[in-house]
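**Q** quick one, what's the 3D model for this:
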Amino acid sequence: MILLSSISKVIQAFSGLLQVDIACFDKEGRLIAATEDYITQKGMKVHVPFLIKYTETTSLYFISQEI
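**A** As a prediction, the model looks like this:
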């Protein structure tokens, strides 16, 4: 549970600094942590086929959208 709390704190900090919504998903598309605005706008799920295709082609995962 400490790790999840740490991930949430990092997401909130970067979101505030960069003024972007941030979400972290596992490989099955389950939401691990996100900004509240992200959850409000996008919900709790990700399009898993896109996530799988994206993670197969890169090892650095930054997808941003302005708040």
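**Q** how about the contacts made by residue 35?
**A** Residues near residue 35 by C-beta atoms under 8 Å, 6 or more residues apart in numbering: 11, 12, 15, 21, 22, 23. All C-beta spots, glycine's among them, are computed from the backbone N, C-alpha and C.
**Q** which of the residues you listed sit farthest apart?
**A** The distance between the two most remote of those (C-beta to C-beta) is 11.9 Å, for 12 and 23.
**Q** ok, the two, which is more surrounded?
**A** Higher neighbour count among residue 12 and residue 23: residue 23, with 19 against 15, using other C-beta atoms under 10 Å.
**Q** quick check: closest non-adjacent residue to the more buried one.
**A** Leaving aside its sequence neighbours, residue 23 sits nearest to residue 34 (C-beta to C-beta, 6 or more residues apart in numbering; 3.8 Å).
**Q** same question for residue 11.
**A** residue 22 is the one closest to residue 11 (C-beta to C-beta, 6+ apart), at 4.7 Å.
**Q** the one you found - how many residues pack around it?
**A** Applying other C-beta under 10 Å, we find 22 residues neighbouring residue 22.
**Q** pretty sure it contacts residue 15?
**A** Yes: Residue 22 lies in contact with residue 15 (C-beta atoms under 8 Å); the separation is 5.0 Å.
**Q** just how off-centre is the worst-scoring helix or strand of the chain on mean pLDDT within its chain?
**A** Scoring the helices and strands of the chain by mean pLDDT, DSSP states H and E places helix 48-57 at the bottom, with a mean of 75. Offset of helix 48-57 from its chain centre (C-alpha atoms, centre = their mean, to the nearest Å): 14 Å.
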